[in-house]
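A.B. asks: got a sequence here, can you build the structure:
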Amino acid sequence: MKDKAQFVPTAGGNEISSFQTKWSAPSNIALVKYWGKKELQIPCNPSVSFTLDQCRTTTSVRFERLIDKQDRFSLAIQYDGKSTPSFKPKVKTLIERILPYAPYLNEYHLQIDTVNSFPHSSGIASSASAMAALAAAIMDLEKQIYPSLTAEDQIKKCSFLARLGSGSAARSVEGPLVLWGEHAVTPVSSDLFGVRWTKAADVFTTYRDTILLVDKGQKEVSSTVGHDLMHNHPFAETRFAQAKAHYQALLTILEKGDMDRFSDLVEREALSLHAMMLTSSPSYILMHPNTIQIIKQVRTFRKTSGLHLTFTLDAGANVHLLYPAHEAEKIDQFIASDLRKYCQDNELIYDRVGTGLKKV
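C.D. replies: From the prediction side, this is the model:
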């Protein structure tokens with residue numbers, strides 16, 4: 001594991017009395033899933049993800065230096081312009097975890113205003129985008145305090161800090177493809193932060209992700225609880241070994257531009273994730289009947305059309321449909337005519353592979 005000491009800032013730096021910044025961070029969709037984690041969001045297996053473009057959290061943070069040096073950092077949080085006390089514990093936990101790597105935060109009050117472009121807690125990795133956006137704002141402050149900080153180090157540390165709030169947030173900083181979790185075949189990979197993967201064939205950078213919102217409500221079982229249920233899971237070690245093998249296989253598939261094998265592996269990964277939920281103790285089901293109907297119709301369409309439409313699932317009922325841009329016209333017609341009816345209120349999100357953080 002790479003040394004965490006690299007993220008501890010040196011003493012000194014500029015004194016910044018007040019600073020405001022605004023960042024937009026995307027969600028991501030894992031192709032090889034991580035499910036199960038160790039202490040402080042260390043993954044039990046490596047993962048590979050597409051960074052999205054339209055599904056974003058936009059967060060504005062105003063940092064005000066505390067007058068009384070005896071005071072410790074404080075928070076005020078709004079979601080979509082409304083005070084949201086329920087978000088405060090998770091953000092407070094994040095700040096407390098990152099204080100060893102951002103001790104200057106002890107000297108500030110943080111006024112945080114955040115909003116999502118997609119339904120919260122419905123299985124579209126809202127924690128990932130939210131924590132990445134907040135980490136980007138904190139790193140922008142750090143850049144003011146330490147102007148010599150390089151862009152590369154700023155990005156790496158942003159991913160590191162975001163991970164401490166939500167593991168998958170490590171993958172929402174850059175794009176279009178990100179690795180997270182150590183694996184021998186990728187010496188650059190790390191359990192501590194995400195790494196952009198640049199060896200994929202061009203076709204994969206054009207992929208669309210149309211998200212079918214089967215259920216826009218909050219999940220019955222949170223991802224945090226789901227990860228915890230992997231402890232003592234009877235199939236946990238087998239699953240971790242499978243994910244590591246799939247990780248290695250997927251990188252070869254991406255490099256060769258093999259869209260057929262991509263579909264096969266990505267769909268097996270999605271179903272393996274949900275198999276862990278079905279066989280945990282207690283067991284639970286996040287897929288809905290309409291999720292199953294969509295999966296069946298996607299497989300039939302792919303077989304009859306020869307087009308490269310692929311489904312994947314996150315920890316929820318919603319279905320992500322992945323396909324290359326040059327096949328989008330016919331696939332979008334199929335989605336509208338045959339699949340949209342399975343969505344709650346006929347609602348879906350047209351998204352695509354993106355590049356990561358944006359300063360607003």
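A.B. asks: ok, the helix or strand of the chain with the lowest mean pLDDT: who's next to it in the sheet?
C.D. replies: Lowest by mean pLDDT, DSSP states H and E among the helices and strands of the chain is strand 82-83, with a mean of 88. Next to strand 82-83 in the sheet, as set by DSSP bridges, lie strand 74-79 (antiparallel).
A.B. asks: please work out the average pLDDT along the partner strand.
C.D. replies: Averaging pLDDT along strand 74-79 yields 91.
A.B. asks: next one: stretch 257-265
C.D. replies: The pLDDT scores in stretch 257-265 average 98.
A.B. asks: what do you get for stretch 88-106?
C.D. replies: The pLDDT scores in stretch 88-106 average 92.
A.B. asks: quick one: contacts of the least confident helix or strand of the chain?
C.D. replies: Contact partners of strand 82-83, identified using Cβ atoms under 8 Å, 6 or more residues apart in numbering, comprise 76, 77. Every residue, glycine included, has its C-beta placed from N, CA and C.
A.B. asks: next structured bit after that strand?
C.D. replies: With elements assigned by DSSP states H and E, the helix or strand that comes after strand 82-83 is helix 88-98.
A.B. asks: pull the CA atoms of that next one into PDB?
C.D. replies: What follows is helix 88-98, C-alpha atoms only, in PDB (Å, rounded to 0.1, in the frame of the first residue of the first chain):
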ATOM      1  CA  LYS A  88     -24.200  16.600   8.800                       C
ATOM      2  CA  PRO A  89     -23.000  13.400  10.600                       C
ATOM      3  CA  LYS A  90     -21.600  11.900   7.400                       C
ATOM      4  CA  VAL A  91     -19.800  15.100   6.500                       C
ATOM      5  CA  LYS A  92     -18.500  15.500  10.000                       C
ATOM      6  CA  THR A  93     -17.200  12.000   9.900                       C
ATOM      7  CA  LEU A  94     -15.400  12.800   6.700                       C
ATOM      8  CA  ILE A  95     -13.800  15.900   8.100                       C
ATOM      9  CA  GLU A  96     -12.700  14.100  11.200                       C
ATOM     10  CA  ARG A  97     -11.100  11.400   9.100                       C
ATOM     11  CA  ILE A  98      -9.200  13.800   6.900                       C
END
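A.B. asks: what angle separates that helix from strand 74-79?
C.D. replies: 130 degrees (axes from the mean of the first three to the mean of the last three Cα atoms, to 10 degrees).
A.B. asks: neighbouring strands for the next helix or strand after helix 88-98, and are they parallel or not?
C.D. replies: Downstream of helix 88-98, the next assigned helix or strand under DSSP H and E is strand 108-116. Here strand 108-116 has these sheet partners by DSSP bridges: strand 47-65 (antiparallel), strand 74-79 (parallel).
A.B. asks: from the contact counts, what lies against the following helix or strand past strand 108-116?
C.D. replies: Per DSSP H and E, strand 108-116 leads on to helix 126-145 as the next helix or strand towards the C-terminus. Packing partners of helix 126-145 (3 or more Cβ pairs under 8 Å, 6 or more residues apart in numbering; DSSP states H and E): strand 18-32, strand 47-65, helix 88-98, strand 108-116, helix 151-165.
A.B. asks: name the nearest residue to residue 278, sequence neighbours excluded.
C.D. replies: The spatially closest residue to residue 278, leaving aside those adjacent along the chain, is residue 285, at 6.5 Å (Cβ to Cβ, 6 or more residues apart in numbering).
A.B. asks: quick one: secondary structure of that neighbour?
C.D. replies: State at residue 285, reduced to three classes by DSSP: H, G, I helix; E, B strand; the rest coil: coil.
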